[in-house]
Structure formats: structure tokens, C-alpha cells
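In: Model the structure of this input:
(chains A and B)
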Amino acid sequence: MTLRLGLGVFGMQSVPQRPDHHVKLYRDVLDDAERAEALGFDSIWLSEHHFWFDGYCPADLVVAGAILGRTKRIGVGTAVMLLPMHSVDKVADDAATLSRMGDGRLSLGVALGYRDAEFDGFGVRRKDRGKLMDVMLPRLAESCQAADPPVPVYVGVATAIAAQRAARLGLPLFADSTMNVAELREMLGAYNAAAAAAGVKAPATHALQRDVFVTDDRERDWAMLLPELRYMRRQYGGWSFPQEPGEAVPAYLNRLEADIEAKLKNLIIGDAGHVAASLREFEALGFGLIVCRSQFGNLPRESLHRAFEGLGRVREMVAR
Amino acid sequence: MKLGLGPLALKGMTGAELASLGSHAVAASFDAIWVAESRAEGVGAGLAAAAMLGQLVPIRVGAAIDAGLYHPLHMAEDIAIADLSTQGRIEVLLRLSSPAASRYGASAERGWFEEHLTVLALALSGAHVQWNGEHLRVPAQIDANQPAPTRLALNPTPAQPAVPIWVESSAGWMEDLARTLGFGVAAPWRPAGKVPPATGRWPGMALCPGDALAEDLLHAAGDGPGYFLVTARTSQEVAAAGRRLAGPLRMPEFPSWINE
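Out: Next up, the predicted model:
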């Protein structure tokens, strides 16, 4: 089976380093989708968060609709939709309609979400997210299977518990970019065991998100990327590990810093040959679709497009 | 006067059919083309389909959507992103009564819709929202959610300073609600009837049959403006409706021999 490469994940953020207007950012992502299609990528993936100062995209299915209108062949997916914050009936109705209108090019990646402020905006207790997912995921999977054409559903995971929930339904995983090889192997083991215990046939492959930057000048691009990556990781880290009551700011920043440093190590950066070899290691684990994140916040367009083209060369290498 | 094609039912429609109707609407000089979801029939994605359509046509695009079925902040977000994805060309028609309410766990009561539309209007305005009503509390300020904000804002906001939104009215309170919130009022076509009065900056909207005549529409508008949505279904019907209506609606004393 050929390793498929997707491009992502796009959040259309107006970051402090490059605060473009959102009208431009949404024009850019549509242009990037056309570019991704021309470079032969399997799919393009959109991310979702709510009520954040940089305007992180809160409605990825609407952007998916726009991309389906702009392109002809490429798949479009959510990576990931934060399902417990949504009405599952709305998501199912939207997905079925878009799948028909987009000739079956839509995929849904769904996950729990983790930021309290987002849950609170929609009147949902964050602590209920697992129970909500237990109810919503089977309903969504059933609706998406019944859609014409059916909509593939992936389950975004960063823990064994989440993987086991997906396994009981036989749904493929969409593994988080922050997991290293050992963690991924352990999680797949938990998935397979849970699928076997439930008597469910495990899917042939899973999807994985990875931070990837293809460059012929690693030193130059690392210097360009580092502040952008730090911004992105500090943002996600701040959401995942908010400041505890009574925790001093310096201590909190040190805690965040340790998280950032650990996660930066998972970035795959180098020339096309190096990146292709690295992605092959994940394919060997059982990941048949790797969504390569090369857009971190809002990179300079020229640098981003150079990385896309490099990743296009990687796509040709891994397809052989 | 403004002339729109639709709302075209999304049920069973393919992307190719939508693209074809879109190109005919442009060729026939419509100001906008509209699509309609129908969640009672499991057909959603009205705003996503409008965003798709916005990539296929250069004119304005509209979505008729079922309101009150899910959280109004999700609806505000969908509207904002549809507007940004179409570079500020989105228009919206809210339908307040949907048989899908029970499936969605929603209410069809007046107070429910009043709160949902009020929160929607607040969010789209760019205000820092704090709402404490009978049905909705935004932010919810749930003790278990920590930290949670005391106010929140829609971000990003739409490209347009104000997205044109109409409420399809079948009762006096719906018209009052639309007027209060700065939305337009839409009503089904009635022979010899009048277009709903303009509210604020939005003309009244009439949902017309495909064979509507220009003189009837002009009569319905009277001395005021009108926005007429016409439900043509085939390329021939779209071309005929555009030829029959676009010129006379745009200019008084349009010479009838032009279309002979």
C-alpha cells in the first residue's frame, strides 16, 4: 500500500509575529489548497479552536466547503474537530451534505478538545467530554457510514484511553503530532488489544499528524522557524497546562518551557531524502496516511511554498 | 431592487449541479445565488455550501439555514468563516421553525429563538459577549471549567461590517425580533401582497415563485426597495427569469421591447 501524504494543518491564525487580516488568511489557504492539489498531495487538513485572540479557525467544515469548491481532486479533512463542543446531529448533517457535494472528498478527524474556556463558551463541562464522546462518536460513525458517499471518520488521539475508545468502534486513529515513536507503538498496542477484546476488526492503517519542514538549508530555516514553533507550542502548551492557582509566573513559564523543548524534538526537518526516510519509520508502525504540518501559525509565504514543494518531492519518493 | 436566484434546495444536489446553476445565474445577471439546507431531512451545511458556491461564482452567495437547533455561537462562527472564505459576499436567511428541533434537542418556542438570535446578533456585532438568559448562558461560567472567561468574543469576525441577515417571518413576533436585532424581514410571496418593510439597512425580502412577473414584483415593492429571491430550477428557467426580471427591477421604465 502506498504511503499517502496530506498537507496541514491550517488554522488561519493572525499571529503576533505576522498579523495578517483574516480576509487575506482565508484567501491564502484557498490558494494553498490549489497548490497542494497541483503538487499531488492526497489531502489538505484544517484545524479548529474557538475564542482565541489570533482568530484560530473555529469552523473548519465551512472552510472545507470553500476548498471543495476551489479544487477538483484533493481530499479535505478536519484535524481535528472538537466533537464534544458540537451538536453531533449538526456535524452529521453537515458532513453528509458536503460529502455529496464534494464527490466523497471529505474526511472527518474528531477529538475531545481540552481548553476549558472553549467548553465553557458552549455550555459544556470539560470533565464530561469523555462521556460525551462515548455517546457522540458511535452516532457520528454510523451517520457518516450511511452518508452517500460515506465519510471516513478518524479519531484524534494522544492517549491509550482515547485509542481504546476508537478501537471498540473499529475507527482508525489520527495520532497527535507530539507523540514519539515509543509512545505511538504503545498506543497502537493498546488499540489492537482493545479491538481484539471487543471482537472488532482493526482498520488496515491509521493516520498520523507530524510537524515536518523540508529544506535544503536547514540552518537558515531553523532560525526562521524557531520563533514560530515556539509561539505555536507555547499556545498549545498554555491551553493544555494552564497556570495553576497560586503558581508563580516564572515557575509556570519554566514548566511551559520544558514542554516546548520536549515537543520541538519531534519536528522532522531536513532535505527531502531525510524527511522521506523519517516518514517511512512511521509507515512501518502502521500509519498509511501522514498529515505533514508545515504551516506553523502564519509563516512567510515564500518559505512556506518552498517547504510545500520540498514535501511534494518527498511525496514522489514515498510513493515509489 | 435586488434579484437573487434560489434558495436552491441542497437535498440531492451535487457540486456539479450547483456549479452549473451558479454559472447560469451569473450569465442571467442575478445579484446573488442562494442555497437552502433542510435539517429536518438531514441536509445541513448551508453555510459551507455557500462558501463552496462563493468559489464558483463572482456574485454574492446566500444560505437559508435553520436557526435555533444548535448553539448560536457555532452559527456565528460558521457565518463569519463563510464570509471570510467568500471575501465578504455572504448573505443569510434564518428559518425559525424546523421539524428537526426534537432530533436536535432544541425547542421551537418563541423565547428560545429570541435568545438564540440575540446571542447570534451580539456575537456577530463584535461585542464582548456576556449573556445570562433563561435558555442560554454565555459564557456558561461552569464551576468545573477553570479557567473560564467572564466574557468572550467571536474571533475572527466576518469580513463585512454587517452581514446581511434576514428572518423568514410567519408571525408578528418574528418580524419584531428581526427589527429589534437589526436583521431584515423575509416573507413568502403572496399574490397582490407587499414586500415586508425595510428594517434598518436591509430591504424587505420576498420569496417568489419561478414564474413571477416584473410588474407584480414592482407592485409588491411599492415605493420602497425589495429583494426578490426567485426559485428557478433548470438552466432554462434561470435564463428566462433573469431576462424577464433583471432589467425591469434595476431601472424604472425599462423598455419592454429590449426583451422582445
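
In: for chain A, which spans come out with low pLDDT?
Out: A:1 (pLDDT under 70).

In: What segments of it are strands?
Out: A:4-10, A:43-46, A:75-82, A:106-111, A:153-157, A:173-175, A:206-214, A:268-270, A:287-293 (DSSP state E).

In: Between those, which one is closest to B:E215.
Out: Among the strands of chain A, strand A:106-111 comes nearest to B:E215, with 45.0 Å by Cβ to Cβ. Every C-beta, even on glycine, is put in place using the N, C-alpha and C of the backbone.

In: coming back round to it: want to throw the strands of chain A into JSON lines with distance to A:A195?
Out: Output for the strands of chain A, formatted as JSON lines (distance: least, Cβ to Cβ, whole Å):
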{"stretch": "strand A:4-10", "distance to A:A195": "22"}
{"stretch": "strand A:43-46", "distance to A:A195": "24"}
{"stretch": "strand A:75-82", "distance to A:A195": "20"}
{"stretch": "strand A:106-111", "distance to A:A195": "18"}
{"stretch": "strand A:153-157", "distance to A:A195": "12"}
{"stretch": "strand A:173-175", "distance to A:A195": "11"}
{"stretch": "strand A:206-214", "distance to A:A195": "12"}
{"stretch": "strand A:268-270", "distance to A:A195": "28"}
{"stretch": "strand A:287-293", "distance to A:A195": "16"}
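
In: which residues of chain B fall in strands?
Out: B:2-9, B:32-36, B:60-66, B:90-95, B:131-132, B:137-138, B:165-168, B:184-188, B:204-209, B:226-231.

In: closest one to chain A among those?
Out: The closest of these to chain A is strand B:137-138. By Cβ to the nearest Cβ, the value is 6.6 Å.

In: That closest one: partners in the sheet, and parallel or antiparallel?
Out: strand B:131-132 (antiparallel) (DSSP bridges).

In: picking that back up, among the strands of chain B, single out whichever gets nearest to B:L217.
Out: Between the strands of chain B, strand B:226-231 lies closest to B:L217; by Cβ to Cβ that is 5.2 Å.

In: returning to what we had before: could you export the strands of chain A to TSV, including columns for mean neighbour count?
Out: Output for the strands of chain A, formatted as TSV (neighbours: other Cβ atoms under 10 Å in any protein chain shown):
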stretch	mean neighbour count
strand A:4-10	25
strand A:43-46	26
strand A:75-82	26
strand A:106-111	27
strand A:153-157	25
strand A:173-175	28
strand A:206-214	25
strand A:268-270	19
strand A:287-293	24
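
In: and of the strands of chain B, who's closest to B:H116?
Out: That would be strand B:90-95 among these, by Cβ to Cβ, at 9.3 Å.

In: in its sheet, what does the closest one sit against?
Out: Here, using DSSP bridges, strand B:90-95 pairs with strand B:60-66 (parallel), strand B:165-168 (parallel).

In: related to what we said a few turns ago, dump the strands of chain B into CSV; add distance to A:Y56, mean pLDDT and mean neighbour count as well.
Out: Shown next, in CSV, are the strands of chain B (distance: least, Cβ to Cβ, whole Å; pLDDT from 0 to 100; neighbours: other Cβ atoms under 10 Å in any protein chain shown):
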stretch, distance to A:Y56, mean pLDDT, mean neighbour count
strand B:2-9, 31, 97, 24
strand B:32-36, 27, 98, 26
strand B:60-66, 23, 98, 27
strand B:90-95, 20, 98, 27
strand B:131-132, 22, 98, 14
strand B:137-138, 19, 98, 20
strand B:165-168, 24, 98, 25
strand B:184-188, 31, 97, 22
strand B:204-209, 34, 97, 22
strand B:226-231, 34, 97, 25
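
In: Which among those strands is found nearest to A:V110?
Out: Closest among the strands of chain B, using Cβ to Cβ: strand B:60-66, at 22.2 Å.

In: Could you tell me how far that closest one lies from the centre of the chain?
Out: Relative to its chain's centre, strand B:60-66 lies at 4 Å (Cα atoms, centre = their mean, to the nearest Å).

In: residue in the stretch 151-300 of chain A nearest to chain B?
Out: Closest point on the stretch 151-300 of chain A to chain B, by Cβ to the nearest Cβ, is A:P242, at 5.9 Å.

In: Show me what from the stretch 151-260 of chain B comes close to chain A.
Out: Applying Cβ under 8 Å from any Cβ of the partner chain, one finds that the stretch 151-260 of chain B approaches chain A through B:L152, B:A153, B:L154, B:N155, B:P156, B:A159.

In: Let's have the strands of chain B in a markdown table, adding distance to A:R35.
Out: Below are these laid out as a markdown table (distance: least, Cβ to Cβ, whole Å):
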| stretch | distance to A:R35 |
| --- | --- |
| strand B:2-9 | 31 |
| strand B:32-36 | 27 |
| strand B:60-66 | 24 |
| strand B:90-95 | 25 |
| strand B:131-132 | 41 |
| strand B:137-138 | 38 |
| strand B:165-168 | 34 |
| strand B:184-188 | 39 |
| strand B:204-209 | 39 |
| strand B:226-231 | 36 |
